[in-house]
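Asker: sequence? don't have it. structure:
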């Protein structure tokens, strides 16, 4: 069985530091160091990106709805004109569509 070597303590700002004078004054009393969690991002910080995303989404939905309405209007107009013109309109169309010189 091999003996494990202890890991070295982390360096940098990872461990709390007690000044030497405070450590000597504590003697054998236990020391409890409490770290406050990092401050979270406030909920208001999410409001602007959320508003921009919702506005873009609603704008896109509005564009799609306008395109569909325009297409429906064009289809209904074509159907109405086709109905009103009837066979006379179709005959006139074919007569005008023929080449003038043969």
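Answerer: Now that the structure is in, tell me what you want to look at. Note that the coordinates shown come from a computational prediction; the quantities given were computed from them, not determined experimentally. Residues are numbered from 1 along each chain as shown.

Asker: For the chain, which segments are assigned as helices?
Answerer: 20-26, 47-97 (DSSP state H).

Asker: Ranked by average pLDDT, which of those falls at the bottom?
Answerer: Lowest mean pLDDT of those: helix 20-26, a mean of 72.

Asker: so how far is that one from its chain's centroid?
Answerer: How far helix 20-26 lies from its chain's middle: 53 Å, per CA atoms, centre = their mean, to the nearest Å.

Asker: can you redo the helices of the chain as JSON lines with mean neighbour count and distance to residue 33?
Answerer: C-betas here are computed from N, CA, C, even on glycine. Below are these laid out as JSON lines (neighbours: other CB atoms under 10 Å; distance: least, CB to CB, whole Å):
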{"stretch": "helix 20-26", "mean neighbour count": "10", "distance to residue 33": "11"}
{"stretch": "helix 47-97", "mean neighbour count": "10", "distance to residue 33": "36"}
